Structure formats: structure tokens, C-alpha cells
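In: sequence and predicted structure, then a few things I'm wondering about:
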Amino acid sequence: MISIRGLSKWYGAFQVLADCSTEVAKGEVVVVCGPSGSGKSTLIKCVNGLEPFEKGEILVDGISVGSPKTDLPKLRSRVGMVFQHFELFPHMTVTQNLTLAQVKVLGRTPAAAHEKAMALLDRVGLRAHADKFPGNLSGGQQQRVAIARALCMDPIAMLFDEPTSALDPEMINEVLDVMVELAQEGMTMMVVTHEMGFARRVAHRVIFMDEGKIVEDAPKEEFFGTPRSERAQQFLAKILHH
Amino acid sequence: MFAGFDFDVIERSLPYLFREGMVFTVTLTALAMTGGIVFGTALAMMRLATSAALAPLVWLAGAYVNLMRALPLVLVIFWFYFLVPWIGGWLIGARQTIQVGAFWSAVITFTMFEAAYYCEIMRAGIQSVSRGQQSAGYALGLNYWRTMGHVVLPQAFRNMLPVLLTQTVILFQDTSLVYVISATDFLGAAAKVANRDHRLVEMYLFAALVYLVVSYVASRYVGRLQARLAVIR
């Protein structure tokens, strides 16, 4: 579904990504972790072309993200993305947030878009908040709306960029529950997160990044059981022994 | 203190002052504001373009804005009054200059001039919307124009509403400079009556009062509008 081959990216002289390669198969859930500044967010933003890259290739459902001939808006409309800071549109109601792209990009009728939006709000348990503005919702509720907004587009894959990092601790689980459910339904997911509990529960594979490189790319059991690299061992020791 | 003054002159000239003068001033302000904000927003979008292919546009918009902001308005009004007929004629390929009345010359001038100021306001407004909002628009499959139109500009506009309207109040006052091309706005009309009847103090006092009231009411309205349109964060 998503294949990343020899991806390198520079900010000026600073190399943020160094020759990263990996594959995400259909229905697979891959967790990307690593210390801050390791390039994991940049990597995931390259997948839907939000960040340009200088070298290498990314194919999403066989379509090259970096090719100038690719219709990027169309490709992005098929790949859902959830951001660390939710990024709901604050001047629109929850429903308007969910229907905008359905109508403008997919060409659905307002009625069909509304119906879809309500179904997804039901699913994340927020139908009662349909007419509120994002600013009136808690962080956890906003992130669930953001997930519903992405799902409204019937994506073939979902990208999560630290979806729980900006949340108060008591709200993390309501968001993770939605994500777990999504994973169990067979959604293809690439998740940048520090939530190792989530990784243990639903991830198929874990990618560990450090200094722009993919240091470890292993099935979950192997990663948590016997991480090969010293860097990954240190990282796990730091975040698990608390 | 006002014993030697004749305030009747105001009452006698009211229909002329408002039907001729104020209508001119308000129409000019409204048209220049609308045109200025539209053109200014386009300039702001050009100035903020990041793609290397658009570098000439960035430069051009920047040069235009800096030039307009470096010139005194009176000079611009004066130059445009003489230049617009030539430029208009050149644009439509006519051999002679085209006829542009003082009113339309003023509308074009103020639109072009104010656009430079509205541009800088909208530029700040666009930059006040976090980059993540733009990314979220793109991530949903919206293209540049739709992301700007539905996500970034509505927020930029709301954030900048007080400044935009303050600029419009300034524009409202600046329209009195059309006297240099002999157009009759509110102040021009008051001046005519003042000179004709030799009632300078009365008329100029009255004109000042009217500008004060209109500007004050407008600023109060800005405050209320802002409260109503504010984005909940």
C-alpha cells in the first residue's frame, strides 16, 4: 500500500531523513517511534506530500508522491491524516469540518456528505456535538472529530502524527480507543506515537528512528522482546521504566 | 462666544452637503474598500508565495506595495488623474485617451493605493493562521485555492477585521483629498458653501463634527462586529 524507498530529505545542509526504506502492506498497522528530532514526523508527512523530499521514492497505492505529474490533492484525498494539534477549522462547526472536503473534493451532495458525517460522529461518540465549534470541545473530543473528518473521505490508509501528544493524560485513552477499533477493522495505518501500550496492542510492526535513519524495522514481538540496536534498547528502557 | 456666527447656513446647506457630498464620500469609500481588500488580498497571496517559479510575482507585488506606501496620497491622486486616461486608452488599444471622470479616477486611485495597505494587513492575517491549518486543508485533498478560500482567508479576515476596518476609517477620512482633482466630496461641498457664504468657521466645525461622528460610530461598530465574528479557540 505504502512503499518508501531510499528516502532522503535535507533542510538546507541539515539532513533530516537519510536513506529511509520501508513498506506498509494493506491492513497493516505500523508504529513509528524514536526520540524527538529523529525525523519520524517528517517521514510521515512525506507520505502524503505535505513535506517535499529531495531523494528517493514514495509510492502510495502505486502512485508516486514525488512525481510532478501526480495529482497531489487527489492522492491526499485518499489518504487520511490526523495531526498532533488536531487542526480542526475553528471557524466552522464540527459538521462543517466534516463535510467541507466531501463536497468540494469528492463532489458529494451536501445531503450525502451530512449523512456520512453523522454516521462517523456516531462512531466516535460525538453526534451530540455536531453543531458546536471545535473551540467548545475538549482536546480528546477535538482529536476524535479530526479522526472522523479524515474517515469521511473513505481513505485507503490513515496517517497519525503524534495524535495523543498534545492531550491531557485523561483524554489519551478515548482517542486511542478509536484508533484501536480502526486498526482492528483492518485499516492500513502508519502511526507516529510514543504510546507503547498502543503499539503492543495493535501494531504489526514497529519502526524505530534515530537521527533521520530507520534504525530498526521489526515485527512488534521482536521489537519489544529483543531489540537489536543499542539505541532502541536505550530508548525502550527510558520510556518503559516509569 | 458664538454670537457672531450664523449656524443657519448649515441647515440651509444640509441637502446639498449630504446628497452631493456625503454620497460621493461614502460611495468612494465603499468601492475603494471593496476593491482595495480584494486587490490587497491578491497582493498578499503573491507576496507570500513560496514556490521558486513564482519569485517574480513575489518581487513585483513587493515592489508595488513599497512604492505605493512610499508616495504621498495627494501625489498619487494627482498622477493617476492624468495617467488613467492614457493607461486606459493604451489598455483598450484606442488611439486617443479615454474619458475618465473625477469620480472614477478617484475610485481607481484609492483602490490601487489602499490595496497596498490592505495587502500588508492581509499578509499579517494570513501569517496569523497556523501552517498546520493549511496542512490540514491540503491533507483533506483541498487544493491551494480552496484551502485559501475556505480555511486560511476566512480566519485571516476574522483575525484582521479590526485593523481592516480601522484602515477603512482612515480611508474614509483620506477621501477628502479628492479636492486636488476638483471632485466634490463631503468636505469639498462644505468648503464650497463656506467660501460662498463666508461662513468658514461654522462649516468647518460642522464638517469636523460629522467626520468625528461617522468615524466614532464606525469604530464602535467594529468592536461589536468583532465580538460576533470572533473565532472560539
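Out: Happy to help now that I have it. Quick caveat: nothing in here was measured; it's all calculated off a predicted structure.
In: can you name the residues of chain B that neighbour chain A?
Out: B:130, B:132-133, B:135-143, B:146, B:150-151, B:154-155, B:158, B:231-233 (C-beta under 8 Å from any C-beta of the partner chain). For glycine as for every other residue, the C-beta is placed from the backbone atoms N, C-alpha and C.
In: can you flag the buried ones in those residues?
Out: Buried positions within the residues of chain B next to chain A, assessed by neighbour count (16 or more other C-beta atoms under 10 Å in any protein chain shown), are B:133, B:135-143, B:146, B:150-151, B:154-155, B:158.
In: list just the nearest of the residues you listed to B:Gln226.
Out: For those, the closest approach to B:Gln226 (C-beta to C-beta) belongs to B:Arg158, at 8.4 Å.
In: contacts only, for the residue nearest the centre of chain A.
Out: The residue lying closest to the centre of chain A (C-alpha atoms, centre = their mean) is A:Phe160, at 1.6 Å. Listed by C-beta atoms under 8 Å, 6 or more residues apart in numbering or on different chains, the contact set of A:Phe160 reads A:44, A:81-82, A:179, A:189-193.
In: closest to A:Gly107 among those?
Out: Nearest to A:Gly107 among those: A:Met81, at 20.6 Å, using C-beta to C-beta.
In: any idea how many residues pack against the closest one?
Out: Look at A:Met81: counted by other C-beta atoms under 10 Å in any protein chain shown, it has 26 neighbours.
In: just to be sure, it is in a strand?
Out: Yes. Counting by DSSP: H, G, I helix; E, B strand; the rest coil, A:Met81 falls inside a strand.
In: just the helices from chain B, written as ranges.
Out: In chain B, helices defined by DSSP state H lie at B:8-16, B:23-47, B:55-70, B:73-91, B:102-128, B:131-139, B:144-146, B:153-174, B:186-197, B:200-229, listed in chain order.
In: which one is the one residue sitting closest to the centre of chain B nearest to, not counting chain neighbours?
Out: The structure's chain B has its C-alpha centroid closest to B:Met33; by C-alpha atoms, centre = their mean the separation is 3.9 Å. Residue nearest to B:Met33 in three dimensions, not counting chain neighbours: B:Thr168, with 4.9 Å by C-beta to C-beta, 6 or more residues apart in numbering or on different chains.
In: tell me the contacts of that neighbour?
Out: Neighbouring residues of B:Thr168 by C-beta under 8 Å, 6+ apart: B:29, B:33, B:218.
In: quick check: residues of chain A near chain B?
Out: That would be A:45, A:48, A:50, A:72-74, A:76-81, A:83, A:85, A:87-91, A:100-101, A:104-106, A:133-136, A:149-150, A:153, which are the residues of chain A within reach of chain B (C-beta under 8 Å from any C-beta).
In: mind running it again at 6 Å?
Out: Neighbours of chain B within chain A, by C-beta under 6 Å from any C-beta of the partner chain: A:50, A:73, A:76-77, A:81, A:83, A:85, A:87, A:89-91, A:101, A:104-105, A:133, A:135.
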